[in-house]
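Visitor: build me a model from this:
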Amino acid sequence: MSNNSHEASAPSKRHKPESPLNHYLSYIVSILLTMLAFAVVLYGDLDRSFILIFIVSLALVQAMIQLLFWMHAKERGHLFPLIFLAGGAFVALTGVVTAVYWMWW
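Guide: Residues are numbered from 1 along each chain as shown. Presented below is the predicted three-dimensional model:
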């Protein structure tokens, strides 16, 4: 009996471990974004539409940081989770638009 299964296998690439510095930096940036959102609301003398747009923008930036650094979406092999996250976001956005349309008209 020959051992052919090991002869044809290619050498596997080792996963390079990520340094904790990326996690520390993303955590600090997330805390700063949260503090900035609280400061804008606490100040309160700004236009309501500006506050809403600013906080939603900060939330989107923070969500991207969470996806890229904590959920490792930037690494290879994470296509299917990203597809399902995009599908879930589409369903949630469709539900929000439907609810707003239903309440307003």
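
Visitor: show me where this structure has its helices.
Guide: 20-43, 48-65, 79-104 (DSSP state H).

Visitor: identify whichever of those lies nearest to residue 72.
Guide: With C-beta to C-beta, the closest approach to residue 72 among these belongs to helix 79-104: 9.3 Å. Backbone N, C-alpha and C define where each C-beta goes, glycine included.

Visitor: that older thread, right, and the helices of the chain - which one's nearest residue 71?
Guide: Set against residue 71 and scored by C-beta to C-beta, these come closest in helix 79-104, at 7.7 Å.

Visitor: run the angle between that closest one and helix 48-65 for me.
Guide: Angle of helix 79-104 versus helix 48-65, following axes from the mean of the first three to the mean of the last three C-alpha atoms, to 10 degrees, is 160 degrees.

Visitor: for residue 98, see how far away residue 104 is.
Guide: Distance of residue 104 to residue 98, given as C-beta to C-beta, to the nearest Å: 11 Å.

Visitor: appreciated, that's everything.
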